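Student: Give me a 3D structure for the following:
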Amino acid sequence: MGGKAEQNVVIVGGGFAGFQVAKQLSKTLDAKRYNLILINSRSYAISIPATVRLVVDAESKLEETAFVKLDRLYANGNGETKVGVVTSIEAQPGVPGGAVVLASGERISYAVLILATGSKWTGPSGIPENEADVLPFVNAWRQKFAKAKHVVIVGGGAVGIELAGEVKDLYPTKKVTIVHGGNELINATYGPSLRKGLEKRLRARGVQFMFNEYIDDIPEAGVVGISTRSGKHISDADLVVSARGGRPNTDYVSSLGEDALNGHGFVKIKPTMQLLNHPSIFALGDIIDWTEQKQIAKLIWHVPVVVANVASFLNGVAPTKKYAGASEIIVITNGKKGGMGYFGFFGGFTLGDWFAWLVKSRHFMVPKFRKDLGY
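Tutor: Numbers count the residues shown, from 1 in each chain. Take a look at the predicted model:
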């Protein structure tokens, strides 16, 4: 695998983090020295934020716009996309270079490896890796939401809130309940204005809440009735939907040894975004062991650090650009016309429905996603 050059720069994961790094590196890498290879489980990237609308609303036709081929992002054609799933990494601590091994058995060597595999999701956001399974999965969820009389969403974070808004957009009279382990929506990172504001907006649409409650096992669609961990029963619930937070998609990284990941599966990194014992491996996005909320907005700060330090490393210079964290920013939709935004600087402030509509709710930023990928 590889082009004309002798060495490869390999990126694992073609989501927001991976394709942005690939796009930037394709502008600067010397194609005579390095082949740029982006490995992704599908031939296209998916705008993950848009999946909450994709799986509810067939009329959105987001499967036609939010799935974008990874074939036009490279500057001057300087790069290639390889469809495959990395199952392990072959590398020795402190020794530059190595190889990744794919599920197919293929082995691809690297001079530099960049890990950008993002989060694994459950429920309707858990889009299958195999392309042939994606549309059947999406259509099955659309049918589940259409048939359900009482949708119970497990998890009151951003995904759960946004799903509730999408269901209420399409089915205004359908019963929707959010079951959340905290005493308010999302988490304390964002302050009371956002948390209470979103709850108020959803209550106005008829969404009900069960706070400080947990549902441990998700029943099959159509099974009627569910009990919380504390024993409270929702007798008419006929669709229970997992909207729990994602977990890092890093099983393959464990091949580097137990010191590569923390206890929750996040990749341990230096501020230069290099792995602790593997200077030729970099990581960014949702998978890094860094105390911050896992969001696409963080890539504004992650990507330049990785791109600059990869260039330094390949030129034989010790990487010096350091990641120092970023302000918390989030926009959470409430259907196509509303939502709220939060900005963590200036002491933290929120913006309301018009702002959320302008930047996210009306299109989930899919036009920008497509443009970034050359479409």
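
Student: burial measure for Glu328, as a count.
Tutor: By the criterion of other C-beta atoms under 10 Å, Glu328 has 18 neighbours. Where you see a C-beta, it was placed from the backbone N, CA and C, and this is true even at glycine.

Student: got the contact list for it?
Tutor: Contact partners of Glu328, counting by C-beta atoms under 8 Å, 6 or more residues apart in numbering, are Thr189, Tyr190, Glu292, Gln293, Tyr342, Phe343, Gly344.

Student: Out of those, list just those in strands.
Tutor: In strands, defined here by DSSP state E, the members of the contacts of Glu328 are Tyr342, Phe343.

Student: just the contacts of Glu328 now: which is nearest Ser88?
Tutor: Distance to Ser88 across the contacts of Glu328 (C-beta to C-beta) is lowest for Glu292, with 27.8 Å.

Student: re earlier: any chance of a PyMOL selection covering the buried ones in the contacts of Glu328?
Tutor: Selection of the buried residues among the contacts of Glu328 in PyMOL, burial being defined by 16 or more other C-beta atoms under 10 Å:
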select buried, resi 190+293+342+343+344
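
Student: any chance of the contacts of Glu328 in JSON lines, plus pLDDT and distance to Phe355?
Tutor: Converted to JSON lines, those look like this (pLDDT from 0 to 100; distance: C-beta to C-beta, whole Å):
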{"residue": "Thr189", "pLDDT": "92", "distance to Phe355": "19"}
{"residue": "Tyr190", "pLDDT": "92", "distance to Phe355": "15"}
{"residue": "Glu292", "pLDDT": "96", "distance to Phe355": "22"}
{"residue": "Gln293", "pLDDT": "95", "distance to Phe355": "19"}
{"residue": "Tyr342", "pLDDT": "96", "distance to Phe355": "10"}
{"residue": "Phe343", "pLDDT": "94", "distance to Phe355": "10"}
{"residue": "Gly344", "pLDDT": "91", "distance to Phe355": "15"}
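
Student: the helices in the stretch 251-375 of the chain, which residues?
Tutor: Here the stretch 251-375 of the chain has its helices, by DSSP state H, counting those that start in this stretch, at 299-314, 353-356, 366-372.

Student: same thing with the stretch 101-250 of the chain?
Tutor: According to DSSP H, counting those that start in this stretch, the helices that the stretch 101-250 of the chain contains are 131-147, 158-170, 191-203.

Student: Pick the most deeply packed of these.
Tutor: Mean neighbour count, computed with mean count of other C-beta atoms under 10 Å, is highest for helix 158-170 among these, reaching a mean of 25.

Student: Quick one: list the elements packing against that one.
Tutor: Helices and strands touching helix 158-170, by 3 or more C-beta pairs under 8 Å, 6 or more residues apart in numbering; DSSP states H and E, are helix 51-54, strand 150-154, strand 175-180, helix 191-203, strand 329-334, strand 338-343.

Student: shaky segments in this structure?
Tutor: Applying pLDDT under 70 to the chain flags residues 1-3.

Student: Which of the helices and strands packed on helix 158-170 sits closest to Ser255?
Tutor: helix 51-54 (29.1 Å).

Student: Need the residues that contact the closest one.
Tutor: Against helix 51-54 from outside (C-beta under 8 Å, 6+ apart): 60, 62-63, 66, 124-125, 127, 138, 159, 162-163, 166, 333, 336, 364.

Student: give me that answer again for 6 Å
Tutor: Ser60, Leu62, Ser125, Glu162, Leu163, Glu166 (C-beta atoms under 6 Å, 6 or more residues apart in numbering).
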